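J.: Sequence first, then the predicted structure:
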Amino acid sequence: MKKLFLFSLLISSLTFPQTFVNHNTGTLQVSLFNNGYIGHNFDATQGNGVVFGTAPDAMFTAGIMFGDNVRGVNGMVGSFVQGTPQTPIIADLQNTVPFSPFTSDPNFNQITQVTMNDGLAPVPYNVTIKLKSYSNTGDKFVILTYQLTNNSSTTYSNFRVGIFADWDVGAAAYLNNRRGMDIPRKLVYQYLQGPQDPNYYGFVALSGLTGGTVTDIFPGTTTTIRNEIYLLISNIYDSTSSTRLGDFRSFLGSGPYTFTPGSTIEVAFAVVVGTNLADLQASADAATFKYNNFILPVELSSFTASVSLNGDVELQWTTETEINNHGFEIERKTNDGQFNVIGFVKGNGTTTERKVYSFIDKNLEAGKYIYRLKQIDYNGQFEYSNEIEVDVLPVKEFALNQNYPNPFNPGTVISWQSPIDSWQTLKVYDVLGNEVATLVNEFRNAGKHSIVYDMSELSAGTYYYQLRIGEFVQTKKMTLLK
């Protein structure tokens, strides 16, 4: 490969021990590394690359990158800045959770995942990256999904996620590569002018192509390269196909995202190959179809919690899209405990419509509680939501709250609270003082309580409800409309 000589002086001092897995569909092989490289590590000393059929390895190296417009990108750009000496410029990711063994489902017979972070960056974003990859026998593509979680206390605006790819189609004939972009398909590709390899190779931005180019000019210097690359994945440059020959590098990006503390964004790409341009485009379409129909996750756009007047915790969450969503397990823990399943809410299968869900956790003692959702697919795969913390405050005084709604027809909610365990009585009277209903007459524990009262059998007018707990007595007025 072309860069081995350029790096020969550095190998003794720069070593990147790493492990990789090799997706093999029988047609296409793609190596993925546990620190974010694709194909090979930065100096091509490890990995099987990207091999299509009997053609030579077409990949020097590729990798994920991400960042905002202030700091520029972190990630794995396995190449070098022109100058003296040649230096690998971006190698920020380190493995934190090893590759899982390959698993399968009805649509993919090779699925694996690995987790890393950007702890080796000069200035980390403090982001965790979970790479999950999918392939199936006969496919001419491998799908890569990246879940990025913001572990910092900073909101990153204009955050983008992209792929850098240094293709060497035709191996030693890399100087005769040609380039192209298919914007409607979100496809960036390269191919060879020469007999060594007649095939086409590229990446598809499955979450949307919002920036990219193919260039034989490596941008910037060691001090500007991160910001220069950010610009390349933020705008579409020179999108027309070109017959010019060169040693090209591909850049493509998705976004921008507003990356808030504790949040997770999911971005997907696919390595695609074809025997010619039409076949490459067909592979890109097939990868997009499979991602949209069998991988695209349940897109959780919000997850909130609130405490009602009676101390119940109401969880509410919204999805924008769902694929094969069996449902959600609701899990709760205290600060010093373990998560336990407290309920299940059925999902909507596959839908592109916004759906709103809710769950009420009742009869809680005062304290801090942490909740999360476990979204489960029909095939048993699952993902966790972010965690949210709720304070249920202790009741310190007696109180009878105003009913809601008021005025009402025909039902209303009456709520109250008591700081002690005691016998409690709640009655309703008309304007003449006649008792019309006894709603509560029992021993209850300290806490917040509520009851729904249906007055459909009574006449419109003004009524009074009265609470007695020991020596505490309080009365409020309510109005029934007809």
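T.: Perfect, I can see it now.

J.: could you show me where the strands are in the stretch 51-200 of the chain, in order?
T.: In the stretch 51-200 of the chain, the strands defined using DSSP state E, counting those that start in this stretch lie at 59-68, 72-81, 87-91, 94-97, 110-117, 127-135, 141-150, 156-167, 177-182, 187-192, 200-205.

J.: Okay, now the sheet partners of the second one, with direction.
T.: Here strand 72-81 is paired, per DSSP bridges, with strand 59-68 (antiparallel), strand 87-91 (antiparallel).

J.: Could you list the low-pLDDT ranges of this structure?
T.: The model of the chain has pLDDT under 70 over residues 1-18, 79-88, 239-242, 297, 309-310.

J.: what domains does the record give for it?
T.: 20-295, 300-392, 399-480 (automatic domain parsing).

J.: okay if I get those domains as a markdown table plus mean neighbour count?
T.: Bear in mind the C-beta positions are built from the backbone N, C-alpha and C, glycine included. As requested, the domains of the chain are arranged in a markdown table below (neighbours: other Cβ atoms under 10 Å):
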| stretch | mean neighbour count |
| --- | --- |
| domain 20-295 | 20 |
| domain 300-392 | 16 |
| domain 399-480 | 15 |
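
J.: and the residue of the chain most remote from its centre, which of the three is it?
T.: Distance from the C-alpha centroid of the chain peaks at residue 432, with 61.2 Å (Cα atoms, centre = their mean). With DSSP: H, G, I helix; E, B strand; the rest coil as the basis, residue 432 sits in coil.

J.: Could you tell me how far it is located from residue 453?
T.: 19 Å (Cβ to Cβ, to the nearest Å).

J.: ok, the residue lying closest to residue 397 once chain neighbours are set aside - contacts?
T.: With Cβ to Cβ, 6 or more residues apart in numbering as the criterion, residue 397 has its nearest non-adjacent residue at 6.0 Å, and that residue is residue 419. The contact partners of residue 419, by Cβ atoms under 8 Å, 6 or more residues apart in numbering, come to 394-398, 446.

J.: give me that answer again for 10 Å
T.: 394-399, 446-447, 469, 472 (Cβ atoms under 10 Å, 6 or more residues apart in numbering).

J.: what does residue 369 give?
T.: By Cβ under 10 Å, 6+ apart, the contact set of residue 369 is 305, 307, 313, 332-335, 337, 342, 361, 388-392.

J.: same thing with residue 133?
T.: Applying Cβ under 10 Å, 6+ apart, we find residue 133 in contact with 21, 23, 30, 32, 38, 99, 102, 108, 110-114, 142-146, 270-271.

J.: Quick check: closest non-adjacent residue to it.
T.: Closest to residue 133 by Cβ to Cβ, 6+ apart is residue 144, at 5.2 Å.

J.: Name whatever forms a beta bridge with the closest residue to residue 214 other than its chain neighbours.
T.: On the basis of Cβ to Cβ, 6+ apart, the spatially nearest residue to residue 214 that is not a chain neighbour turns out to be residue 179, at 3.6 Å. Per DSSP bridges, the residues bridged to residue 179 are residue 190, residue 242.

J.: these two touch, right, residue 179 and residue 212?
T.: No: Residue 179 lies out of contact with residue 212 (Cβ atoms under 10 Å); the separation is 11.0 Å.

J.: shared neighbours, those two?
T.: 188, 238, 250.

J.: residue contacts, the last one?
T.: When you say that, I think you mean residue 250. 62, 162-167, 179-181, 188-190, 201-203, 212-215, 232.

J.: Nearest to residue 279 among the contacts of residue 369?
T.: Residue 279 lies nearest to residue 388 out of the contacts of residue 369, by Cβ to Cβ, at 47.3 Å.

J.: how close does residue 227 sit to residue 73?
T.: As judged by Cβ to Cβ, residue 227 and residue 73 stand 8 Å apart.

J.: Alpha carbons of stretch 193-202, as PDB, please.
T.: Taking Å, rounded to 0.1, in the frame of the first residue of the first chain, the C-alpha atoms of stretch 193-202 are listed here in PDB:
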ATOM      1  CA  GLN A 193      -9.400   4.000 -14.200                       C
ATOM      2  CA  GLY A 194      -7.500   0.800 -15.000                       C
ATOM      3  CA  PRO A 195      -7.800  -3.000 -15.200                       C
ATOM      4  CA  GLN A 196      -6.700  -3.800 -11.600                       C
ATOM      5  CA  ASP A 197     -10.200  -3.400 -10.200                       C
ATOM      6  CA  PRO A 198     -13.400  -2.600 -12.200                       C
ATOM      7  CA  ASN A 199     -15.600  -2.200  -9.100                       C
ATOM      8  CA  TYR A 200     -17.100   0.900  -7.400                       C
ATOM      9  CA  TYR A 201     -16.800   1.600  -3.700                       C
ATOM     10  CA  GLY A 202     -18.400   4.100  -1.400                       C
END
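
J.: how far out from the middle of the chain is that stretch?
T.: Relative to its parent chain, stretch 193-202 has a centroid offset of 35 Å by Cα atoms, centre = their mean, to the nearest Å.

J.: The stretch 151-300 of the chain: helices as residue ranges?
T.: Ranges of helices in the stretch 151-300 of the chain, per DSSP state H, counting those that start in this stretch, are 225-232, 277-290.
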